[in-house]
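A.B. asks: Test case, fold it:
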Amino acid sequence: MRSDPQSVAPDLVLSTPTSFPSFPYDPPYDIQVALMQHVYHTIESKEQKVAIVESPTGTGKTLSLLCSTLTWLDDDAGRVRRGKLQVLKSSLKDDNDPEWVHEQALASHIRILEGEEAELQDRLARARHNEEVLRRKSKANVVRKKQKVDTRNLDENDEDDLEFLPDDELKDEDDGISPAVRALMKSLSDSQTKDNTQQVDEPTCTKIYYASRTHSQLAQLRGEVCLQWPSPPTLTYYQYFFELLKTKHNPRIVPLASRRNLCINDELRAKGDSAAELDEGCREMINDKKGTRCPYLPPPDEDHRMLNFRDHILATPKDIEDLVTLGKELGTCPYFGSRRAIPQAQLVTLPYNLLLQRSAREALGIDITNHVVVVDEAHNLIDSLLSVHTVSLSLSTLTTSIFQLTTYLTRFRKKLSPTHGLHLRRLLRFLGAMKAFLESWRDEKVTDASKAVAKAESGGEKAKLKLERKPKDEIMPSNKLMESLGSQVDGVNLLEIEAYLRRSKIARKISGYSDKEAEKVSGQVRAVKARRHSTPPLHAVEAFILALTNNDSDGRISLHAEKDLLSIKYQLLNPSNHFREIVEAVRCVILAGGTMSPMNELGQVLTNIVNLVPYGLVVFFPSYSFLNSVKITFQKSGLLERLNGKKKIFFEPESTAEVENVLRQYALAISSANSSSTTTTKKGGALLFAVVGAKLSEGINFSDSLARGVVIVGLPFPSLASVELKERMRYVTELEKTSNVGKSPGSKDAGMELYENQCMKSVNQSIGRAIRHQKDYASLILVDARYGASRINAKLPKWIGKDIIVTKNFGQAVKEVGQFFRQKNN
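C.D. replies: Coordinates of the predicted model:
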């Protein structure tokens, strides 16, 4: 069901559409059509695997991305069907059978294809029906009995030590068995496993992997869509979004997330606060030992529960909260259930970290080969790549790993196979060399003063020396670290060790056995059991070893010591190799962002405006983070310096104590420009960058020359993550439904009206800072295409009235602003 871009027949190449009927706007803006066509052509083209698309805020970037990719997905599915029929027709031409035989064979094949699709749609229809039943039961307050973890056997006798031996998955290479026989044995074993679990390979299809930096950014799609269309209160955000797209087939979508977002086992969540503790606790319960298997994870003989959950996910678009609710209703794990839905999904949404790390993709069963990847908010991509591949290892973790590994080897030395024993002994040598190196570095860099004191006292001297306890740091390339470890690591291949740890999964067994022994010795059962839910120390070692396998020039090793703490960190500097791995595997990567160069566009806007507006100019941004991003970008490009040459620049401080001083200096700069000229066209004055709804947008007057121009960038909508705001929106929506108040067709529900009014109230407060008396004047410049909508500008202050001018381009806006000040000058 998947197409290969390298093997598509010429007559099956898809032409770039001239229009996109599934787009909810009619007609879409030219910039939206251009973006959709570019994305569609890039996905289809064999010549280009990476495309960078930029679209300023307010131009429907996310909607355009999904509409174009899903349109291509629909067209590609049709191409696959046509291609199968073409292959069949070609094979029939080579036969000498009568024409009616060919026609019957072709008709039979078509029925098979249609039957497969009908079977899938029938499954999803049943799941949708079951969801409706569950929803009605929920409204009727039918509460499902909570399942509890069986803890009856937790404190019984210890398991036999043999449970801590490595699994049999790693076969000895020197066991005398030929590769052919070993392959046959593996084939028989895999076949038996498949029969026992009654699982078969599921059909798959071409997918769109849509990634953003965090779950909250993925959830912000709702706010972007709801600003422009009314949202039926009975639909979830995903359902509403894809109803707007009006695609030919409702896309099968799967939102992926971590256990921390999806785990519904309250007893497990109560045992640990961190994501790592939750992950480890979950893995322990998967093993089904001592009756501790998680009740929400069906055993192999109840796989129909997982398949049922999969169909519910695919039946209707859902967000993460929907998956959690569904998991509780069906008593099935949403984390593993969402993984089972991946093969048949058409659109998979996920945060960066689950896409960018190979280990995370493998853990989730994500195969990106020949699929389409869309990276939204791509200006965060490089930082995210560097972050997820940067690893730190403390001396205490290293010491614990050595102790656990030594204890394990001592106990199981005679029971381990030669292959396991060899790898573990090499690992122990490497860790011992690392520990010796770190301690030597610490002694040399940090404790010189202590040694001097000790030497002086032993000699009877009463010298008073002051100890330096300042942090010590050193940076070196990876190859220098390996050289510093000495001959002890000769013959140790880090790639082999990392591969062994990853395939054998022995780190957890070593940590488990060590915890068990510690429990025997100390008797501190509660403390040891709590530690069992933490990440095994060898996992940190494994991650550090993997980092060391990068090219020497791609990163640096940094050593840091402060007081009694000592750590070594691998800092990735070149993310290209990790991203190249993704690019080479996929069909296409779309890097999209609204702030990849619109900062430059905004800079052009402000450069022109400061030349037109005399004296004081105030520019409001939606948030401090937006303002700080602008500041950093303008500094790097040199634009901030150029703007400062025309008007002295000030920034709204985040500290209230600094506000008065900033305002005083701002007023002095304008006063200086005012006194040096008798005309209002005099260049100079000051430029103040501020934040809507913050300290300078309320209660402070910018009358007369303090603000002859006010620029508001974007629409400052409040965060939909606010629980209080959500409750207010839900309340007024319910109140509207019960009050039987009629509303005009196409208008928003009361909740979205409240949301929009909150935004426009902040805008109007900022605008009101400039016009303070009858003879006062200022040019108000609203930089966002959405202000052009009649619904939005109708909520601007009524005193503006007919003076609102909506321009089609920035050139026209510059002309209007210039004409406004020429009239005031005359």
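
A.B. asks: from here on, contacts and neighbour counts on C-alpha atoms
C.D. replies: Will do.

A.B. asks: Now do the helices in the stretch 251-400 of the chain.
C.D. replies: 259-262, 266-269, 275-286, 303-315, 320-330, 334-340, 352-356, 358-364, 381-388, 395-412 (DSSP state H, counting those that start in this stretch).

A.B. asks: Only the C-alpha atoms, please, for the fourth one, written as CSV.
C.D. replies: To tie it back to what came earlier, the one meant is helix 303-315. What follows is helix 303-315, C-alpha atoms only, in CSV (Å, rounded to 0.1, in the frame of the first residue of the first chain):
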residue,chain,number,x,y,z
ASP,A,303,-4.8,-9.2,22.0
HIS,A,304,-8.3,-8.5,20.7
ARG,A,305,-8.5,-5.8,23.4
MET,A,306,-5.5,-4.0,22.0
LEU,A,307,-6.9,-4.4,18.4
ASN,A,308,-10.2,-2.9,19.6
PHE,A,309,-8.4,0.0,21.1
ARG,A,310,-6.4,0.5,17.9
ASP,A,311,-9.6,0.7,15.8
HIS,A,312,-11.1,3.3,18.2
ILE,A,313,-8.0,5.4,17.7
LEU,A,314,-8.2,5.2,13.9
ALA,A,315,-12.0,5.6,13.8
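
A.B. asks: Can you check what angle separates that helix from helix 320-330?
C.D. replies: 150 degrees (axes from the mean of the first three to the mean of the last three CA atoms, to 10 degrees).

A.B. asks: Equivalent analysis for the third one, please.
C.D. replies: Using the same axes, to 10 degrees, one finds that helix 275-286 and helix 320-330 are set 30 degrees apart in direction.

A.B. asks: if I've got this straight, Gln589 is in a helix?
C.D. replies: Wrong residue type there; residue 589 is Val, not Gln. No: counting by DSSP: H, G, I helix; E, B strand; the rest coil, Val589 falls outside a helix, being strand.

A.B. asks: beta partners of it?
C.D. replies: As for beta bridges, Val589 partners with Val50, Val373 under DSSP bridges.

A.B. asks: Going forward, count from 792.
C.D. replies: Okay, residue one is now 792; in that scheme the one you just asked about reads as Val1380.

A.B. asks: Distance of it relative to Glu835?
C.D. replies: 12 Å (CA to CA, to the nearest Å).

A.B. asks: Same check on Arg917?
C.D. replies: With CA to CA as the criterion, Arg917 and Glu835 are 34 Å apart.

A.B. asks: Comparing those two, which shows the higher neighbour count?
C.D. replies: The neighbour comparison of Arg917 against Glu835 (other CA atoms under 10 Å) goes to Glu835, with 19 against 15.

A.B. asks: what sits against the nearest residue to the more buried one once chain neighbours are set aside?
C.D. replies: Among residues not flanking Glu835 along the chain, Leu805 sits closest, at 6.8 Å (CA to CA, 6 or more residues apart in numbering). Neighbouring residues of Leu805 by CA atoms under 8 Å, 6 or more residues apart in numbering: Glu835, Asp866, Asp867.

A.B. asks: Report pLDDT for Leu805.
C.D. replies: Looking at Leu805, its pLDDT stands at 90.

A.B. asks: did I read that right, it in a helix?
C.D. replies: No: under three-state DSSP, Leu805 falls outside any helix and is assigned coil.

A.B. asks: backbone phi and psi for it, please?
C.D. replies: Backbone geometry at Leu805, expressed as degrees, to the nearest 10, gives phi -90, psi 130.

A.B. asks: So which elements touch whichever helix in the chain runs longest?
C.D. replies: The longest helix of the chain (DSSP state H) is helix 890-930. Packing partners of helix 890-930 (3 or more CA pairs under 8 Å, 6 or more residues apart in numbering; DSSP states H and E): helix 852-884, helix 1094-1106.

A.B. asks: if you set the cut-off to 10 Å instead, what comes out?
C.D. replies: Counting contacts by 3 or more CA pairs under 10 Å, 6 or more residues apart in numbering; DSSP states H and E, helix 890-930 is packed against helix 852-884, helix 1094-1106, helix 1111-1121.

A.B. asks: Now render those helices as CSV, adding distance to Arg1433 and mean pLDDT.
C.D. replies: Shown next, in CSV, are the helices and strands packed on helix 890-930 (distance: least, CA to CA, whole Å; pLDDT from 0 to 100):
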stretch, distance to Arg1433, mean pLDDT
helix 852-884, 30, 82
helix 1094-1106, 54, 87
helix 1111-1121, 46, 90
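
A.B. asks: which one of the ones you listed is the most hemmed in?
C.D. replies: Ranked by mean neighbour count, these are led by helix 1094-1106 with a mean of 22 (mean count of other CA atoms under 10 Å).

A.B. asks: Output the contacting helices and strands for it.
C.D. replies: Helices and strands touching helix 1094-1106, by 3+ CA pairs under 10 Å, 6+ apart, are helix 890-930, strand 1044-1046, helix 1111-1121, helix 1125-1131.

A.B. asks: Run a quick neighbour tally on Pro1125.
C.D. replies: 31.

A.B. asks: Which residue is the nearest non-sequential neighbour of it?
C.D. replies: In space, and not counting its chain neighbours, Pro1125 is closest to Gly1118: 5.3 Å by CA to CA, 6+ apart.

A.B. asks: mind listing what's buried in the one helix or strand Arg1216 maps to?
C.D. replies: Per DSSP states H and E, Arg1216 falls inside helix 1209-1236. Across helix 1209-1236, burial judged by 16 or more other CA atoms under 10 Å covers 1209, 1211-1212, 1214-1215, 1217-1219, 1221-1226, 1228-1229, 1232-1233.

A.B. asks: residue ranges with poor pLDDT in the stretch 1492-1617 of the chain?
C.D. replies: Low-confidence segments of the stretch 1492-1617 of the chain (pLDDT under 70): 1512-1515, 1532-1538, 1592.

A.B. asks: Would you map the strands across it?
C.D. replies: Along the stretch 1492-1617 of the chain, counting by DSSP state E, counting those that start in this stretch, strands occupy 1500-1504, 1570-1574.

A.B. asks: could the ones you listed go into TSV alongside distance to Ile1583 and mean neighbour count?
C.D. replies: Formatted as TSV, those follow (distance: least, CA to CA, whole Å; neighbours: other CA atoms under 10 Å):
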stretch	distance to Ile1583	mean neighbour count
strand 1500-1504	14	23
strand 1570-1574	11	19
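
A.B. asks: Need those in CSV (columns: distance to Pro1327).
C.D. replies: Shown next, in CSV, are the strands of the stretch 1492-1617 of the chain (distance: least, CA to CA, whole Å):
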stretch, distance to Pro1327
strand 1500-1504, 49
strand 1570-1574, 52
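
A.B. asks: so when I look at Ile1359, I'm seeing a helix, right?
C.D. replies: No: per three-state DSSP, Ile1359 lies outside any helix segment and is strand.

A.B. asks: and it, what does it touch?
C.D. replies: 1182-1186, 1225, 1229, 1264-1266, 1335, 1348-1352 (CA atoms under 10 Å, 6 or more residues apart in numbering).

A.B. asks: So in terms of bridging, what pairs with Leu1571?
C.D. replies: Residues in a beta bridge with Leu1571, per DSSP bridges, are Val1501.

A.B. asks: Quick check: it touching Gly1500?
C.D. replies: Yes: look at Leu1571 against Gly1500 with CA atoms under 10 Å: they come within range, at 6.0 Å.

A.B. asks: where do the contact lists of these two overlap?
C.D. replies: The contact lists of Leu1571 and Gly1500 share Val1409, Ile1558, Ala1561, Val1608, where a contact means CA under 10 Å, 6+ apart.

A.B. asks: Any of these buried? List them.
C.D. replies: Val1409, Ile1558, Ala1561, Val1608.

A.B. asks: packing partners for the one helix or strand Ile1336 maps to?
C.D. replies: Using DSSP H and E, the element containing Ile1336 is helix 1328-1339. Using 3+ CA pairs under 10 Å, 6+ apart, the elements in contact with helix 1328-1339 are strand 1182-1185, helix 1186-1203, helix 1209-1236, helix 1269-1275, helix 1285-1295, helix 1297-1313, strand 1346-1353, strand 1356-1363.
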